[in-house]
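Chemist: This is a predicted model, with the sequence first.
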Amino acid sequence: MIITVTSYKGGVGKTTTAIHLACYLQQQGRDTLLVDGDPNRSSLAWEKRGSLPIKVVDERSAPKYIRDYENIVIDTSARPETEELQALADGCDLLLLPTTPDAMAIDALSLTVNALKTIGVNHYKVLLTIIPPKPTRDGEEAREFLTDAGIPLFKKGIRRLIVFQRAALQGVPVYEVSDRSSRNAWNDYVAVGKELING
C-alpha cells in the first residue's frame, strides 16, 4: 500500500500524520518506509533529532529502498499544482488530505478536492487534525460541513495536543514522550490506522 500525505495548506499536521501512520503500520508487522518529499525535509529533520522505529529516506534515494517494503508513506510538499497532484494521485493507493477545522484550511481543502474532481481522482480521504478541545465545536462543525459536501472523511480526527510538539522536538513518535497525554495522542492515530487497514 502506498499512502501519499498532501495538502494545499501548510501547518495542518502533514508530517506528524505521515510519521505516526508509518509508525502504526510498522507496529502491525508491515515493513513501512517513510519517504520525505517535502522540500523542508521535515520528516528527516524529525528523525535526526532522535530516533524513529521506521526507515526515513529522501525522495531522491527512495527508488533504492522501495522494493524492500510492504508499505510506503510519502510526506509531500504543501501547495501542489494540479499537474503535481495528478502525478501524486497516479503514484499511490490513497491520497490522505489532512486539514485543520478552521475556515482557511477548509477553503484550501476545498480547492484540493475540486482539483481532484477535475482530474478524475477519487481515491482520497480527509483527516481532521489539530482539533481544539471542547467546548469549542470547530471539529464537529467542520466534520458536519465536509460530510454534507460528500467529502470522504476518516471517522476519527486528531486532537490538538501539545505532546505532538514535544515529540517533534525529541525526534520520536508521540507514544515515546513521557507525558500524560501521550496515550490519548497515539490512540487518535491508532484509530486512523485501523480504519486505513480495514477500509
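Modeler: Nice, thanks for sending it over.
Chemist: what residues does the helix or strand of the chain with the lowest mean pLDDT touch?
Modeler: In the chain, no helix or strand scores lower on mean pLDDT, DSSP states H and E than helix 82-90, which sits at a mean of 86. With CB atoms under 8 Å, 6 or more residues apart in numbering as the contact definition, helix 82-90 has outside contacts at 4, 6, 74, 76, 80, 95, 112, 115-116, 118-119, 121, 123-124. In short, each C-beta sits where N, CA and C put it, glycine included.
Chemist: And the strand or helix carrying C23, how far out from the chain middle?
Modeler: Element membership for C23 (DSSP states H and E) is helix 14-27. Relative to the centre of its chain, helix 14-27 is centred 7 Å away, using CA atoms, centre = their mean, to the nearest Å.
Chemist: Show the subsequent helix or strand relative to it.
Modeler: Downstream of helix 14-27 (by DSSP H and E), the next one is strand 32-37.
Chemist: packing partners for that following strand?
Modeler: Packed against strand 32-37 by the contact rule (3 or more CB pairs under 8 Å, 6 or more residues apart in numbering; DSSP states H and E) you find helix 14-27, helix 42-49, strand 55-58, helix 62-66, strand 71-76.
Chemist: can we see that at 10 Å?
Modeler: strand 2-5, helix 14-27, helix 42-49, strand 55-58, helix 62-66, strand 71-76 (3 or more CB pairs under 10 Å, 6 or more residues apart in numbering; DSSP states H and E).
Chemist: average pLDDT across it?
Modeler: Averaging pLDDT along strand 32-37 gives 96.
Chemist: buried sites along that strand?
Modeler: For strand 32-37, the neighbour count (16 or more other CB atoms under 10 Å) marks T32, L33, L34, V35, D36, G37 as buried.
Chemist: Which one of the helices and strands packed on strand 32-37 lies nearest to R143?
Modeler: R143 lies closest to helix 14-27 among the helices and strands packed on strand 32-37, at 16.8 Å (CB to CB).
Chemist: Which positions in that closest one come out as buried?
Modeler: Under the neighbour-count criterion of 16+ other CB under 10 Å, helix 14-27 has 14-26 buried.
Chemist: Ok, stretch 178-198 next?
Modeler: So stretch 178-198, judged by 16+ other CB under 10 Å, has buried residues S182, A185, W186, D188, Y189, V190, A191, V192, G193, L196.
Chemist: any idea which of the residues you listed is closest to A168?
Modeler: Nearest to A168 out of the buried residues of stretch 178-198 is A185 (CB to CB; 11.8 Å).
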